[in-house]
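Asks: from the sequence below, what's the structure:
(one chain, ligands or ions: 1)
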Amino acid sequence: MIEINIIKPLNTADGEINLAVDKKIEDGEFLTLFGKSGSGKTTLLRIIAGLEVPESGYIKVDNEVWFDSKRGINIPPQRRNVGFVFQDYALFPNMSVEDNLKFALQDKNKFKKVDDILKIMEIQNLSKMKPQHLSGGQKQRVAVARALMREPKILLLDEPLSALDSTMRQKLQDELFFIHQKFGIISLLVSHDIGEIFRLSSRVFKISSGEITHDGSPSEVFANQNISGKFKILGEVLSIKKSDILYIVEVLAHNEIIKVTAIKDEIKELLVGDKILLSSKAFNPILTKI
Ligand SMILES: Nc1ncnc2c1ncn2[C@@H]1O[C@H](COP(=O)(O)OP(=O)(O)OP(=O)(O)O)[C@@H](O)[C@H]1O
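Replies: Here you go, the predicted model:
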């Protein structure tokens, strides 16, 4: 279990805000941090990894104190049992895949583990290759493999899949979920992709200006529980155009563009780029084999 109660002032484009978090994260949780750019998501991961120091508070993991401002405790990053995966892979370009993984090992007698992890991630065939010859999906698999080398208690995933195309993204989502289950790791993911969040997370923190405003399951955090629609689909607003007394909203959902008519009240707070839930009460689906 992670117990975190910290405050850290952040200098943002909108002035100084306080990143203030007081939460417990249980073993086995797959937690996603969701929120606007600059709300403090990456900083929270970096604080847990020991790469940023809070102004005050404490972080305990399984009753081991990693940080306590009052007691002057701040365990360095290399002694915190975390694996970190970034969007840009951060692999050593001049080292082979195998050497990238070996580098992460503290105990050099454990080289056999490299083979085990290569096998689990299905990248044995890449072991002698250098990162520049790998595709984005392969690089990210290597980055996840490297993060697993020290058997982390916590896996910190900072938008790890956002540079990948949707097919590769879904494949790696499945793999991240498999790893999470297999190793019994607490996974903390930063993601802007609502589909991804629903697929992976057991719990979501919605962060706004440094504060966790919502904490719950994906459907509790995103879906309006009062909607009793028979059919629901997540989408993103592409455009909002006025047409006589109505508005036409173009929504991207599962790579399809859907045009929806809306009244003024419905589009009042809607902006292009907003994630939305599209639902219908009277719905008669037609099944077609493809
Ligand atoms: N050590 C620091 N001291 C003060 N301010 C910081 C520090 N680190 C980051 N910030 C500021 O805090 C704000 C939040 O940054 P952070 O990277 O955590 O946001 P984010 O929610 O991850 O955004 P994005 O989705 O764009 O990655 C930014 O405005 C950043 O400049």
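Asks: would you mind writing the CA trace of stretch 111-121 as CSV?
Replies: Provided in CSV are the C-alpha atoms of stretch 111-121 (Å, rounded to 0.1, in the frame of the first residue of the first chain):
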residue,chain,number,x,y,z
PHE,A,111,21.8,-11.8,-15.6
LYS,A,112,19.5,-14.8,-16.1
LYS,A,113,16.6,-12.5,-15.3
VAL,A,114,17.3,-10.6,-18.5
ASP,A,115,16.3,-13.7,-20.5
ASP,A,116,13.2,-14.3,-18.3
ILE,A,117,12.0,-10.7,-18.8
LEU,A,118,12.9,-10.7,-22.6
LYS,A,119,10.7,-13.9,-22.8
ILE,A,120,7.8,-12.4,-20.9
MET,A,121,7.8,-9.3,-23.1
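Asks: which positions in it come out as buried?
Replies: In terms of neighbour count (16 or more other CB atoms under 10 Å), stretch 111-121 has its buried residues at Lys113, Val114, Ile117, Leu118, Ile120, Met121. (Glycine included, C-beta is placed from N, CA and C.)
Asks: gap between the first one and the ligand?
Replies: Taking CB to the nearest ligand atom, to the nearest Å as the measure, Lys113 and the ligand are separated by 31 Å.
Asks: that residue contacts Asp107, correct?
Replies: No: using CB atoms under 8 Å, Lys113 is not in contact with Asp107, being 9.1 Å away.
Asks: how many other residues sit next to Asn11?
Replies: By other CB atoms under 10 Å, 8 other residues sit near Asn11.
Asks: just confirm it is within a helix.
Replies: No: Asn11 is assigned strand when assessed by DSSP: H, G, I helix; E, B strand; the rest coil, not a helix.
Asks: what separation do you get for Gly72 and the ligand?
Replies: 20 Å.
Asks: meant to ask about Ile257
Replies: According to CB to the nearest ligand atom, Ile257 stands 26 Å off from the ligand.
Asks: and the residue lying closest to that residue once chain neighbours are set aside, bridged to which residues?
Replies: Among residues not flanking Ile257 along the chain, Glu250 sits closest, at 5.7 Å (CB to CB, 6 or more residues apart in numbering). Beta-bridge partners of Glu250, counted by DSSP bridges, are Ser239, Lys259.
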